[in-house]
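Asks: starting from these lines, generate the structure:
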Amino acid sequence: MNLQIETEDLGKHYRDVKAVEHLSLRVAEGEIYTFLGLNGAGKTTTIRMLLGMIKPTTGYATVLQTRVRLGSRKPWEGVGYMVEDPHAYAELTVYENLEVARRLHPGTPREAVSQIIERMGLAEYAMRKAGNLSHGNAQRLGLAKALLHHPKLLLLDEPANGLDPAGIVEIRELLLELTREQGVTVFMSSHILAEVAQLAGRIGIIHKGHLIQELSMDELERNRRRRLLLRVRDVEAAHRALIAAGQPAEILPDGAIELKNVRSIERPDEINSLLVKASTPPTQLVVEEEKLEQYFLRLVGMNGASENE
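Replies: Next comes the predicted model:
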């Protein structure tokens, strides 16, 4: 496996605050790896350590097979990045900002600036000063700078921030194209679960500085809780019929009946037939699946939190 990112026992402490602790992860070439966590979980701190912007308190990081050290230029020729609110020179135009970025990467042709402006949907803003851009277009400019020199590895901190739905779709398709057609590796942080589900190959969930779970999207789907929920007019009779048939059913406080066993969930038609024969046909029969947000909050021990928190 050709690793593009590797960390071992990586940590960053600020006096009594342990922003990141004992972080060991590996990201392979051509992979989209998403770092998922609440605000303040340690996502941005990790990306800053990977970029050599801050020095770890413990452990080390390797990027493109090179140990990351403060002040070292290698391996940044092959890395594109965007951290938090992307920096731009407010008094320079979009084109001028990208021209400055191009000159920082020797060998990047002049026409690359016009090409990335077109690709990122910034053509009508090319001569506009960066300080006058909307938040969404400032985000596009930051991504354009990250992509300008055709990097092998992208480190992106919340790349969908400030983008409208159409912009989010564009960025998603762009990142998928880069990985599939050019073998680019993407390491990105996010708190937008719906977007992660459509983009990531693997997910690392970080909470209070600790990597608490790594899993593929297939594994995440299998881990989400599912249940069969049904309503009937005669709850007690339906419950007795289910128990008699060997179905572990539970009556909920609101009068619904819940079944969690796999066969009931996968074959609700059998439950329906059973209850019809018992003369207690369901008035409602639905398979409910735990939402991504609910799964995440359960995992980090915030079961009682609302989905919008």
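Asks: quick one: distance of stretch 289-300 to the chain centre.
Replies: In terms of C-alpha atoms, centre = their mean, to the nearest Å, the gap separating the centre of stretch 289-300 from the centre of its chain is 14 Å.
Asks: in it, what's buried?
Replies: 292, 294, 295, 296, 297, 300 (16 or more other C-beta atoms under 10 Å). The C-beta positions use only the backbone N, C-alpha and C, and glycine is treated the same way.
Asks: mind listing the strands for the stretch 1-150 of the chain?
Replies: Per DSSP state E, counting those that start in this stretch, the stretch 1-150 of the chain carries strands over the ranges 3-14, 17-28, 32-36, 58-63, 66-67, 79-82.
Asks: could I get those strands as a markdown table with mean neighbour count and distance to residue 184?
Replies: What follows is the strands of the stretch 1-150 of the chain, written out as a markdown table (neighbours: other C-beta atoms under 10 Å; distance: least, C-beta to C-beta, whole Å):
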| stretch | mean neighbour count | distance to residue 184 |
| --- | --- | --- |
| strand 3-14 | 18 | 9 |
| strand 17-28 | 18 | 12 |
| strand 32-36 | 24 | 9 |
| strand 58-63 | 18 | 14 |
| strand 66-67 | 14 | 17 |
| strand 79-82 | 23 | 9 |
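Asks: got those as JSON lines, with mean pLDDT and distance to residue 142 columns?
Replies: Formatted as JSON lines, those follow (pLDDT from 0 to 100; distance: least, C-beta to C-beta, whole Å):
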{"stretch": "strand 3-14", "mean pLDDT": "96", "distance to residue 142": "20"}
{"stretch": "strand 17-28", "mean pLDDT": "95", "distance to residue 142": "21"}
{"stretch": "strand 32-36", "mean pLDDT": "92", "distance to residue 142": "18"}
{"stretch": "strand 58-63", "mean pLDDT": "96", "distance to residue 142": "19"}
{"stretch": "strand 66-67", "mean pLDDT": "94", "distance to residue 142": "24"}
{"stretch": "strand 79-82", "mean pLDDT": "94", "distance to residue 142": "4"}
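Asks: between these, which one is closest to residue 127.
Replies: strand 79-82 (22.4 Å; C-beta to C-beta).
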